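J.: Can you look at this prediction? I've put the sequence above it.
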Amino acid sequence: MLVAEDLSLERGGRQLFTGLSFAVRPQQVILVEGANGAGKTSLIRILAGLSRYGFEGRVARHGPMLYLGHHSAVKALLTPRENLAWHVSGESQYTDDEIEAALSRVGLHGYEDVLSHTLSAGQHRRVNLARLYLSRSPLWLLDEPFTAIDVSGVAELQSLFAAHVKQGGAVVLTSHQALNIDHQVSRLDLSAGVLP
Ligand SMILES: Nc1ncnc2c1ncn2[C@@H]1O[C@H](COP(=O)(O)OP(=O)(O)OP(=O)(O)O)[C@@H](O)[C@H]1O
């Protein structure tokens, strides 16, 4: 699904990692770990093809991917229904029932048509995460998907990740939280600075 070869990243005069090579294969969950500032967000953005700043190396992706960034891309003056419909419109055609069902899966039943600026931080984040329930992309690149999500929401997400990889998908994510996924998790630790 993805092959990363000899990745190096320098930021603000600091070498964050060098010589990083790995592959992402179907049915893999890869947790990118490391201290604050280790380069996790930067790595996910590089894998998604969204950043080249300070970066050397090669990333080859095969097939569609879904990237969810650290910062919620939910527009305050649109409703959750409108935000989700807009976000997924580039990926495929979805019916209003499918949009509603996805919002319901993330606990937003009853909030579909309020303005998003009236939502809590966690609800805001959940609007973004609803995209995962509609995604047909096999590769998910997720930067801190659990931020602002409550305990039951985290458990739901972890079940979703397990189901996704069991169906042949792959998930690469950053998180400062320990994972409790019913599937083997590979770890990519950036704290060491220089990886094999
Ligand atoms: N646009 C930028 N310009 C200069 N330096 C940057 C930029 N973006 C990030 N950095 C630096 O790159 C380093 C890695 O940042 P990054 O956000 O990838 O870390 P992280 O491991 O995700 O951190 P955290 O756990 O705090 O989210 C940090 O030292 C940060 O200051």
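T.: Structure received.
J.: pLDDT below threshold where in the chain?
T.: Applying pLDDT under 70 to the chain picks out residues 192-196.
J.: Which positions in it make contact with the ligand?
T.: Taking C-beta under 6 Å from any ligand atom as the test, the list of the chain residues beside the ligand reads 11, 12, 16, 34, 36, 37, 38, 39, 40, 41, 42. The way it works is simple: take the backbone N, C-alpha and C, and place the C-beta from them, glycine included.
J.: which secondary structure elements does the top helix by length along the chain contact?
T.: Counting residues, the longest helix found in the chain (DSSP state H) is helix 151-166. For helix 151-166, the packing partners by 3 or more C-beta pairs under 8 Å, 6 or more residues apart in numbering; DSSP states H and E come out as strand 29-33, helix 121-134, strand 170-174.
J.: contacting residues around that helix?
T.: Helix 151-166 is contacted by residues 26-29, 105-107, 122, 126, 129, 132-133, 140, 145-146, 149, 171, 173, 177, 179-183 when judged by C-beta atoms under 8 Å, 6 or more residues apart in numbering.
J.: From residue 9, how far out is residue 1?
T.: Spatial separation of residue 1 from residue 9 under the definition C-beta to C-beta, to the nearest Å is 21 Å.
J.: Residue 154 now?
T.: When residue 154 is compared with residue 9 (using C-beta to C-beta), they lie 28 Å apart.
J.: Could you find the residue nearest the spatial middle of the chain?
T.: What sits nearest the mean C-alpha location of the chain, by C-alpha atoms, centre = their mean, is residue 142, with 1.3 Å.
J.: quick one on the thing from earlier: with secondary structure as extra columns, can I get the residues of the chain next to the ligand in JSON lines?
T.: As requested, the residues of the chain next to the ligand are exported to JSON lines (DSSP: H, G, I helix; E, B strand; the rest coil):
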{"residue": "11", "secondary structure": "strand"}
{"residue": "12", "secondary structure": "coil"}
{"residue": "16", "secondary structure": "strand"}
{"residue": "34", "secondary structure": "coil"}
{"residue": "36", "secondary structure": "coil"}
{"residue": "37", "secondary structure": "coil"}
{"residue": "38", "secondary structure": "coil"}
{"residue": "39", "secondary structure": "coil"}
{"residue": "40", "secondary structure": "helix"}
{"residue": "41", "secondary structure": "helix"}
{"residue": "42", "secondary structure": "helix"}
